[in-house]
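> the sequence and its predicted three-dimensional model are supplied below.
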Amino acid sequence: MQHEKFRSGIGRNRILRFFCGALLCMLCSIALAAPLPAQWSFRLLPGDAQSQAHPGLDAWRPAQVPGSVHTDLLAAGVIGDPYVGAAEAGLQWIGLADWEYRARFDVDAATLARRHAELRFDGLDTFAEVSLNGQPLLRADNAHRSWRARVDGRLRAQGNELRIVFRSPIRTLLPQVQAMPHRIAGNYPSPYGDEPADAMVGNFARKPAYHFGWDWGPRYVTAGVWRDVHLDSWDARRITDLAVRTDVLDDQRAALTAQLQVEQGEAAGSARVTVEAFDPDGRRVAAVEREVALRPGDNRVQLPLEIAQPRRWWPVGYGVQDRYTVRASVQGADAVTRRTGLRTVRLQRDADAEGGQGFAFVINGVPVFAKGANVIPFDAFPARVTRERLRRDLQAARDANMNMLRNWGGGYYESDDFFDIADELGLLVWQDFMFGGGMQPGYDPAFRASVVAEARDNVRRLRHHPSIVLWCGNNEEETAWKDWGHGKQLTEADPAFAAQVWQGYVDLFGNDLRQVVAEEGLGVPYWSSSPGNDLDAKANDSRRGDKHYWDVWGGPALPATAYLRETPRFMSEYGLQAWPRLSTVDAFAARDEQAIDGPVIRAHQKFMAGKGNERLLHYIEREYGTPRSFPDFVYLSQVMQAEGIELAALHHRASRPYTMGSLYWQLNDVWPGASWSSLDYYGNWKALHFHARRFFAGVAVAALRDDDGVTRFSLLNDGRDAITAQWHVRVMDVDGRESARQQETVTLSPMGVTDVARFVDADLLKGHDPARSVAVFELLHDGAVLARRLVHFVPAKEQALAAGQLQAELHADGDRYRLRLQARGLVRAAWIDFGDVAAEPEDNAFDLLPGETRELVVRSRADLPTLRAALQLRTLGDTLHAPSVPSR
Ligand code: BMA
């Protein structure tokens, strides 16, 4: 916070800031309409077919709004926890039933006295029939958009009743899907028999796709009021939208245009419109006022604003995240505020001499190498996701030196909280529209109109967030059609229909959504599909556009070293799975259920319909050998994931500027289970997340050894300044005897890669035993190690790693603890675990050289004896060579 430092000595400014801040808070509260204060209840719709198997559910029970029918049934004690055990099969009936929600509410005199009123539903999931006081109000069929209904004169002071019937999406859509002579590709078929595998409805519903099950999460086809309901009221007019467009942004000035939407009542009139801008310290830095004529209905009002010496919003690592507040007020209407950041964004698409085309984000004129991960929904039931949970996982992303997250298209458009936190933390967001895979009826004009309404809604809701730097049409639809056989099969079966489906795709993603982003997106670029090259002939091309690479883990299941031979322009997906730590597994499986092939464990492993552990074993066995117990399996899965993804990410970074991004699959989890995530459902860091903090650090060492025994050594510097430092390469045996050393002073170019050398094994080993050797590549500055990477010459299972090489002592130090570690011989993949005792070591999942010591801070509320008793240490040597199977 550089600007804070410059100002901190000036007392008068502090006081001014306090008052301006307080004023802005008041303004914000005016702008946020409070949720409808209502008593909500729910029931199975009387007469529903499920009532025979589930009697008594047509009685009203208390409901939570925002919420979902599954969480309401759980709270009512009707069902058990959908995340515990193997609960899914027994809960699919919920998605086949119709449900009814009811809200009873009173309206205060001030609201009643106003001329106009509107009920706004921020999220109805999905096929909903809404009535107010016994009269129909609206019908909804899209969970991704908000729905509004005017209720002028329809409210009373007491005893209003809102009813919402939610129809089963499966039963609603199945007849039309079954009537199709040929089907379009869906995603994951239900293994539970609630929906026929050859007539999947998910792609026909504008409902979060992952609710129908995904390869990292359960199938819970839920329903309900998943976002807030508001009652808005006004008299002469109201502001329905405020956007701030940046027209010019340089060091001297920002020229902005405030775009207001003003809804005027029945009579034309005129009103004074004021727009003000407040700088990050709360000082008013610009204001404009104008009398405008207003026609009945919708009016667009534009006012120019100019800010001198603007403070820019930067992605983390490039500068501060300054934000301005813009306030618009119209005489006779409530004021509206928007918090925004000033930045420019450009997608650089330079053609190269080999026929390739780049893909790079340029923010405020600076090319940014994107480092980060893909984000999936944070829960099967989105209303359970609190701001605290979002902050926890986004903060963890920033702490791991990420600067970009991709919001993947199979979920839902994230909450305002998500983007507010991303803005604050300087995380760039690649935002997909909500299409997760397969194909959809783009040939149906009504479907497309629904998507356009949804897109307009969300782009308008989110466009003031400086974090959003790309709107992307969908996830993997184009590549699925072109490369996975979907297009070919349908074309063979019914060429005319296939042509219609493809044309629908082009209309929707090539035209409709592009146009919405051009009209509403305030200059943020649009990209039709990930992976793709914006409707180029080839969809997943390493030389053009962005790339998803799944030959490692997926398809041929190549070894992780294959990552080194895949060099795309921007890697937007690649991944390896791992299980979460044992305390997370304990949350859904009893200890005696914890077996690699146990039914509860398989129920929480969604890849290849529960066979994902076979894929995991394939990778673990290749490099580390066969795990001897479930805890070994969990640990080795994390080591494998971390080491594999590290190889890929460093290779992507070392390929700069040809490659300009590396987003691994995936950051977070939807529930406790096996997945490609680096953070588990509870926010615990897997080994990968600790590795990410090192391999995404601004300065890092890439020493990448391929199967041919060649190690490419380069130094990475994302910073905007050159760095002069020293590199060392040492080769030693597992007991620390050094056999070779080289070192040199080097200047690392800014925002780039400094290639140092290529080593063949023989140059490094000089005849020493590869199984007993390790090469240590380091970058040092003033004697301190800035970055290090170890290179091994044989798979870990063949390396001479011994058990019992790590010693630990834990001491209290004021309100925290210090853990002193000492390695006798080479220690790989040390893992510090306190079991069920809450304790966080400041680092984990690291290597130690023979003889090396390291001291770590541990934070915990537990006392010293409890912590000492809980402490468990593991290393690769212990896991592969300890005489007995470790217990816990
Ligand atoms: C990708 C994604 C997801 C999926 C993941 C893991 O390609 O787009 O649909 O969950 O792979 O298989």
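Yep, that arrived.
> could you pull out the helices for the stretch 301-450 of the chain?
Along the stretch 301-450 of the chain, counting by DSSP state H, counting those that start in this stretch, helices occupy 387-399, 416-425, 445-462.
> just list the residues touching the closest residue to the ligand within the stretch 301-450 of the chain, thanks.
Closest contact between the stretch 301-450 of the chain and the ligand, by Cβ to the nearest ligand atom, is at residue 437 (5.5 Å). Where you see a C-beta, it was placed from the backbone N, CA and C, and this is true even at glycine. Shown in contact with residue 437 (Cβ atoms under 8 Å, 6 or more residues apart in numbering): 187, 209, 410, 474-477, 480.
> could you measure from residue 334 over to residue 240?
11 Å (Cβ to Cβ, to the nearest Å).
> so between the two, which is more surrounded?
Counted by other Cβ atoms under 10 Å, residue 334 and residue 240 do not tie: residue 240 has more neighbours, with 18 against 15.
> for this protein, what lies in contact range of the ligand?
Listed as neighbours of the ligand in the chain under the rule Cβ under 6 Å from any ligand atom: 214-216, 410, 437, 475-476, 548, 573, 665, 676.
> picking up where we left off before, who wins for proximity to residue 568 among the helices of the stretch 301-450 of the chain?
helix 387-399 (21.8 Å; Cβ to Cβ).
> show me where the stretch 551-700 of the chain has its helices.
582-586, 599-603, 612-623, 630-654, 687-695.
> make CSV out of those helices and add distance to residue 738 and mean neighbour count.
Converted to CSV, the helices of the stretch 551-700 of the chain look like this (distance: least, Cβ to Cβ, whole Å; neighbours: other Cβ atoms under 10 Å):
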stretch, distance to residue 738, mean neighbour count
helix 582-586, 38, 19
helix 599-603, 44, 18
helix 612-623, 26, 18
helix 630-654, 24, 25
helix 687-695, 23, 24
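> okay, those helices in TSV with mean pLDDT next?
Formatted as TSV, the helices of the stretch 551-700 of the chain follow (pLDDT from 0 to 100):
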stretch	mean pLDDT
helix 582-586	97
helix 599-603	97
helix 612-623	98
helix 630-654	98
helix 687-695	98
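> can you add distance to residue 486 and give these back as CSV?
Formatted as CSV, those follow (distance: least, Cβ to Cβ, whole Å):
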stretch, distance to residue 486
helix 582-586, 36
helix 599-603, 28
helix 612-623, 23
helix 630-654, 27
helix 687-695, 32
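> so which of those helices gets nearest residue 228?
Among the helices of the stretch 551-700 of the chain, helix 582-586 comes nearest to residue 228, with 30.6 Å by Cβ to Cβ.
> what lies in contact with the closest one?
Counting by Cβ under 8 Å, 6+ apart, 579, 594, 601, 631, 634, 672, 680-682, 684, 833, 835-836, 888 sit against helix 582-586.
> top of the residues you listed by neighbour count?
Result: residue 579 is most packed of the contacts of helix 582-586 (other Cβ under 10 Å), 29 neighbours.
> burial count for residue 414?
Every residue meeting other Cβ under 10 Å relative to residue 414 is counted, giving 22.
> what residues are up against the closest residue to residue 401 other than its chain neighbours?
With sequence-adjacent residues excluded and distances taken as Cβ to Cβ, 6 or more residues apart in numbering, residue 401 is closest to residue 696, at 3.8 Å. Taking Cβ under 8 Å, 6+ apart as the criterion, residue 696 is in contact with 371-372, 400-402, 649.
> and the gap between residue 696 and the ligand?
20 Å (Cβ to the nearest ligand atom, to the nearest Å).
> now for the helix or strand containing residue 136, which elements pack on it?
Using DSSP states H and E, residue 136 maps to strand 135-140. For strand 135-140, the packing partners by 3 or more Cβ pairs under 8 Å, 6 or more residues apart in numbering; DSSP states H and E come out as strand 127-132, strand 147-150.
> okay, angle between the longest one and strand 135-140 too, please.
For strand 127-132 against strand 135-140, the angle by axes from the mean of the first three to the mean of the last three Cα atoms, to 10 degrees is 150 degrees.
> using PDB, list the CA coordinates for strand 127-132.
Taking C-alpha atoms only, strand 127-132 is exported to PDB below (Å, rounded to 0.1, in the frame of the first residue of the first chain):
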ATOM      1  CA  PHE A 127     -38.800 -23.500 -13.400                       C
ATOM      2  CA  ALA A 128     -40.800 -21.300 -11.100                       C
ATOM      3  CA  GLU A 129     -44.400 -20.100 -11.000                       C
ATOM      4  CA  VAL A 130     -44.800 -17.200  -8.700                       C
ATOM      5  CA  SER A 131     -48.000 -15.800  -7.300                       C
ATOM      6  CA  LEU A 132     -48.700 -12.900  -5.000                       C
END
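> what strands flank that strand, and is each parallel or antiparallel?
strand 135-140 (antiparallel), strand 160-167 (antiparallel) (DSSP bridges).
> could you chop the protein up by domain?
2-30+236-331+335-345, 39-230, 369-432+549-695, 699-797, 806-881 (automatic domain parsing).
> endpoints of the second one, how far apart?
This means domain 39-230. 14 Å (Cα to Cα, to the nearest Å).
> how far off centre is that domain?
25 Å (Cα atoms, centre = their mean, to the nearest Å).
> same thing with the longest one?
For domain 369-432+549-695, the separation from the chain centroid amounts to 11 Å (computed by Cα atoms, centre = their mean).
> mind giving me CSV with the helices and strands packed on strand 135-140 and columns for mean pLDDT and mean neighbour count?
Putting the helices and strands packed on strand 135-140 into CSV (pLDDT from 0 to 100; neighbours: other Cβ atoms under 10 Å) gives the following:
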stretch, mean pLDDT, mean neighbour count
strand 127-132, 98, 20
strand 147-150, 98, 16
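> closest to residue 161 out of these?
strand 127-132 (7.4 Å).
> can you list contacts of that closest one?
119, 121, 124, 136-141, 147, 149, 151, 154, 160-169, 172, 205.
> dig out what the spatially most central residue of the chain forms beta bridges with.
For the chain, the residue nearest the mean C-alpha position is residue 375 (2.0 Å; Cα atoms, centre = their mean). On the basis of DSSP bridges, residue 375 is bridged to residue 407.
> quick one: contacts for it?
Applying Cβ under 8 Å, 6+ apart, we find residue 375 in contact with 405-408, 414, 666-668.
> at 7 Å what do you get?
405-408, 667-668 (Cβ atoms under 7 Å, 6 or more residues apart in numbering).
> same thing with residue 669?
675, 677, 679-681.
> what's the closest of these to residue 878?
residue 680 (22.7 Å).
> how about the helix or strand hosting residue 500: buried residues?
Assessed by DSSP H and E, residue 500 sits inside helix 495-505. When neighbours are counted by 16 or more other Cβ atoms under 10 Å, the buried residues of helix 495-505 are found to be 497-498, 500-502, 504-505.
> again, but for stretch 556-572
Under 16+ other Cβ under 10 Å, the buried positions of stretch 556-572 are 558, 560-564, 566-572.
> mind checking which of these are in strands?
571-572 (DSSP state E).
> show me which of the buried residues of stretch 556-572 is closest to the ligand.
Nearest to the ligand among these, with distances taken as Cβ to the nearest ligand atom, is residue 572, at 9.2 Å.
> beta partners of the nearest residue to that closest one once chain neighbours are set aside?
Spatially, and ignoring its direct neighbours in sequence, residue 572 is nearest to residue 546 (4.3 Å; Cβ to Cβ, 6+ apart). Here residue 546 sits in beta bridges with residue 532, as judged by DSSP bridges.
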